[in-house]
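1. Sequence first, predicted model second:
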Amino acid sequence: MQGSQTRSIGALVFDGFETLDLFGPVQMLGSVRDTFHISMVAQTSGHVTSRHGQQIKVDHRFQDERPYDLILVPGGPGTWDQIQNAGLLNWLTRASSRAEAVMSVCTGAAFLANAGLLENRSATTNKLNFDWVTQFGETVDWKGRARWVQDGTFFTSSGVTAGMDMSLAVVEHLLGTNAAEEAATHSEYVRQTDPANDPFAVHFGVE
């Protein structure tokens, strides 16, 4: 699946999101010139605050019902506060049904699982919080040792920096290897291309 048209990305934001979960992928995706238009999407207008205190302006609200070609779902400590937010989960369900790729980073996979979007799919998540995230989703095949996992249109990644490698895998999936390599080089980032290379699964004893 490759093409050069501009694609829209709806990036979910909420109070307490993990900064690099969001901006690592934004950096990589945004480095592909004239290809992705990225919008911040939240339940209400105004601003949300990351776990590190930065305020991020909201571009669109859930109720605006804008279609996006890709969805990006970060994690962070705010996940615990929002995990039962019906408005958020319902928006994810609607938005994901129209998207050609849905990406989660870290504990963001808990949102996808609790919305029922990962049923009968393989997925992964942050290894430090693996036990908490994997309580959601009755038939999800949670992969312990994986930096990221692709199952159809869903891309889920391990913690924080793994989101950058996952997003580059999405770029490669959509636009080819050269585009992914150019995005990584632009950011002076040494890309990990093996989705099974997950030293933090070993560190945290997750198999």
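-> Nice, thanks for sending it over. Note that the structure is a prediction, hence the values are computed from the model and not measured.

2. which parts of the lowest-mean-pLDDT helix or strand in the chain are buried?
-> Of the helices and strands making up the chain, the lowest-confidence element is helix 199-203, at a mean of 93, by mean pLDDT, DSSP states H and E. Using 16 or more other C-beta atoms under 10 Å as the test for burial, helix 199-203 gives 200-201. Every residue, glycine included, has its C-beta placed from N, CA and C.

3. repeat for stretch 136-146
-> Judged by neighbour count using 16+ other C-beta under 10 Å, the buried positions of stretch 136-146 are 136-137, 140, 142-146.

4. Same question for stretch 175-188.
-> In terms of neighbour count (16+ other C-beta under 10 Å), stretch 175-188 has its buried residues at 175, 179-180, 182-184, 187.

5. try stretch 98-115
-> Burial within stretch 98-115, assessed by neighbour count using 16+ other C-beta under 10 Å, is assigned to 99, 101-115.

6. and which of these is nearest D198?
-> When the buried residues of stretch 98-115 are compared for distance to D198 (C-beta to C-beta), C106 wins out at 13.1 Å.

7. which strand residues sit across from the residue positioned nearest the centre of the chain in the sheet?
-> The chain has S104 as the residue nearest its centroid, 2.4 Å off, counting by C-alpha atoms, centre = their mean. Here S104 sits in beta bridges with V73, T156, going by DSSP bridges.

8. residues contacting it?
-> If a contact means C-beta atoms under 8 Å, 6 or more residues apart in numbering, then S104 has 72-75, 111-112, 123, 125, 154-157 as its contacts.

9. Export those residues to CSV and append columns for pLDDT and distance to F62.
-> Below are the contacts of S104 laid out as CSV (pLDDT from 0 to 100; distance: C-beta to C-beta, whole Å):
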residue, pLDDT, distance to F62
L72, 98, 15
V73, 98, 13
P74, 98, 16
G75, 98, 18
F111, 98, 13
L112, 98, 16
A123, 98, 23
T125, 98, 23
F154, 98, 20
F155, 98, 22
T156, 98, 21
S157, 98, 23
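
10. Could you export the residues you listed as a markdown table, including distance to I83?
-> Conversion of the contacts of S104 to a markdown table gives the following (distance: C-beta to C-beta, whole Å):
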| residue | distance to I83 |
| --- | --- |
| L72 | 18 |
| V73 | 12 |
| P74 | 14 |
| G75 | 10 |
| F111 | 7 |
| L112 | 11 |
| A123 | 16 |
| T125 | 13 |
| F154 | 18 |
| F155 | 20 |
| T156 | 16 |
| S157 | 18 |
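
11. Closest one to D131 out of those residues, please.
-> Where these are concerned, and distances follow C-beta to C-beta, D131 has its nearest neighbour in T125, at 10.1 Å.

12. The closest one: neighbouring residues, count only.
-> Close neighbours of T125, defined as other C-beta atoms under 10 Å, add up to 34.

13. now swap in V48 and tell me
-> By the criterion of other C-beta under 10 Å, V48 has 20 neighbours.

14. which of the buried residues of stretch 98-115 lies closest to E18?
-> Checking the buried residues of stretch 98-115 against E18 with C-beta to C-beta, the nearest one is C106 at 5.9 Å.

15. Hmm, that closest one is touching T19, no?
-> No - if you go by C-beta atoms under 8 Å, C106 and T19 don't touch, sitting 11.2 Å apart.
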